[in-house]
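> Quick one: sequence plus predicted model below, questions after.
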Amino acid sequence: MIPIRIDGPAVEPVSLAEARVFLRLDDDDTHENDLVLALIQAGRLLLESATRLIFVTQNWRLTLSRISGQGVEHHEIRLPLAPIIAITQVRALDEEGAAQTVDPALYRLRPGAVPPLLVLTDGFPGAPGGIEIDLEAGFGPDASHVPAPLRQALRMLVARWFEQRGDGGEPASTELPADIALMIAPYRHLRLQ
């Protein structure tokens, strides 16, 4: 199951103004703004990937080609995104790929499950062509909803990249710097196989 982002986020967890203050950039010199904005977005994407969390509200679509097991009822689907704000729509696909919108009474999120689980209940229609799940994920619609340690890790990552923008050759490692990794450690949701 590969998540496809439909839209969002409307804002980044760290604003340009916040990043400029953290970087101690002079307010009169704005020629670095495009670079700082690109670093904020790249940093958010990296930290979202490392934590398997969505920071600011985004809309996603998940497509599951098959459901294993005997019947669709009482099947649990592990969702690869968290935190889930809402399941906005579920569609069952027939053999030709035609979609039928499923009544929300026939599925639910399992409360407290980590990772989030979508439970398909009795009466869920057959879906030989798979299932599409549209959902809204994130801590909330603006930066204030994102936990402070994640926002601080993003500021630190942007600062590190801004200061070392290609001047030091190839990176020594593809891993996050130790101080940033420690800051996000309580939020990491590791995949257990």
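Perfect, I can see it now. Numbering: from 1, shown residues only.
> how far does stretch 119-126 sit from the chain's center?
Offset of stretch 119-126 from its chain centre (CA atoms, centre = their mean, to the nearest Å): 26 Å.
> What residues of that stretch count as buried?
119-120, 124-125 (16 or more other CB atoms under 10 Å). For the C-beta atoms, the positions are set from N, CA and C on the backbone; glycine is no exception.
> Find the centremost residue of this protein, please.
Centrality entry for the chain: nearest residue to the mean C-alpha point is I54, 2.9 Å, by CA atoms, centre = their mean.
> For that residue, give me its contacts.
Going by CB atoms under 8 Å, 6 or more residues apart in numbering, I54 touches 48, 60, 81-83, 137-139.
> Go again with 6 Å.
If you count contacts by CB atoms under 6 Å, 6 or more residues apart in numbering, I54 has them with 81, 137-138.
> quick one on the thing from earlier: and the buried residues of stretch 119-126 as JSON lines, adding secondary structure?
Shown next, in JSON lines, are those (DSSP: H, G, I helix; E, B strand; the rest coil):
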{"residue": "V119", "secondary structure": "strand"}
{"residue": "L120", "secondary structure": "strand"}
{"residue": "F124", "secondary structure": "coil"}
{"residue": "P125", "secondary structure": "coil"}
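> Could you name the helices and strands sitting against the helix or strand bottoming out on mean pLDDT in the chain?
Sorted by mean pLDDT, DSSP states H and E, the helices and strands of the chain end with strand 75-78, the least confident at a mean of 89. On a contact count with 3 or more CB pairs under 6 Å, 6 or more residues apart in numbering; DSSP states H and E, strand 75-78 meets strand 117-120.
> per-residue confidence averaged over the strand it packs on?
Averaging pLDDT along strand 117-120 gives 93.
> hmm, who's touching it?
Where contact means CB under 6 Å, 6+ apart, the residues beyond strand 117-120 that reach it are 72, 75-79, 107-108, 110.
> what about the helices in the protein?
Secondary structure of the chain (DSSP state H): helices located at 16-23, 33-51, 148-163, 178-184.
> outside of the shortest one, which residues touch it?
Counting contacts by CB under 6 Å, 6+ apart, the residues outside helix 178-184 that touch it are 51, 149, 153, 156-157.
> And for the second one?
When contacts are defined by CB under 6 Å, 6+ apart, helix 33-51 is touched by residues 12, 14, 16, 19, 55, 154, 157-158, 161, 184, 187-188.
> Run a quick neighbour tally on L150.
21 (other CB atoms under 10 Å).
> for T101, same thing?
Per other CB under 10 Å, the neighbour tally for T101 reads 11.
> The buried residues of stretch 119-126 into JSON lines, with extra columns for distance to L39?
JSON lines is the format used below for these (distance: CB to CB, whole Å):
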{"residue": "V119", "distance to L39": "40"}
{"residue": "L120", "distance to L39": "41"}
{"residue": "F124", "distance to L39": "44"}
{"residue": "P125", "distance to L39": "46"}
